[in-house]
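K.L.:
structural data only, the sequence is not supplied:
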């Protein structure tokens, strides 16, 4: 019985990694100079919510990192692996914390599901935005005239990462209740 459970979680992790890569690769809106905006963050957040912090982080990081490699953004792949893993981890932990807190207050189960998802998604996407800002400032644009210049350049990507984050929060918030119902019926 234990092997069945382990096989199921490995299968789901691989599925969410593939879905993350696919969602990242299918729609890419190029950003001048830094990369692209995509709906993959929606699946990153769903990975954390459905798989929990550890397996969700693994699925999100691998899927998004593979998408960067396939897309030719090799310099971003290591950072993406870590940053997207942190996003899924943060979303899963924060959502679970908020959910357990609400359940202790006697609120009906699911009453705060959407606000909890939105809040945990926003915090997670702020982690993503900060992660790419730091990576671009310290690694990608380093040597472009000193740290102040490289961080000024990295600042240009922040609005696009915030837009991607908003797309991810909206997508995951829309899909989670539906997928949760489907998962419960299987």
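P.N.:
Cool, the structure landed. Everything numeric in this text was worked out from a predicted model, so none of it was measured. Numbering: from 1, shown residues only.
K.L.:
sort out which residues of the host helix or strand of residue 126 are buried, please.
P.N.:
Element membership for residue 126 (DSSP states H and E) is helix 113-135. Judged by neighbour count (16 or more other CB atoms under 10 Å), helix 113-135 contains these buried residues: 113, 116-117, 119-125, 127-129, 131-133, 135. In short, each C-beta sits where N, CA and C put it, glycine included.
K.L.:
centroid residue for this protein?
P.N.:
residue 44 (3.3 Å; CA atoms, centre = their mean).
K.L.:
skipping its backbone neighbours, what lies nearest that residue in space?
P.N.:
Take residue 44 and drop its neighbours on the chain: the residue closest to it by CB to CB, 6 or more residues apart in numbering is residue 60, 4.2 Å away.
K.L.:
thinking the one you found is in contact with residue 50, fair?
P.N.:
No: if you go by CB atoms under 8 Å, residue 60 and residue 50 don't touch, sitting 10.9 Å apart.
K.L.:
give me the contact list for the helix holding residue 126.
P.N.:
Helix 113-135 is contacted from outside by 41, 44-45, 48-49, 76, 79, 82-84, 86-88, 90-91, 94-95, 98-99, 102, 151, 154-155, 157-158, 161-162, 164-166, 168-169, 172-173, 176-177, using CB atoms under 8 Å, 6 or more residues apart in numbering.
K.L.:
go on, stretch 19-28?
P.N.:
Here stretch 19-28 has contacts from 36-40, 42-44, 47, 59-60, 62-64, 66-68, 70-71, 84, using CB under 8 Å, 6+ apart.
K.L.:
residue 36 sits in which helix or strand?
P.N.:
Going by DSSP H and E, residue 36 is in strand 35-37.
K.L.:
before we move on, the earlier item: just want the angle from the helix or strand hosting the residue nearest to the centre of the chain to helix 113-135.
P.N.:
Per DSSP H and E: residue 44 is located in helix 40-71. In terms of direction (axes from the mean of the first three to the mean of the last three CA atoms, to 10 degrees), helix 40-71 departs from helix 113-135 by 30 degrees.
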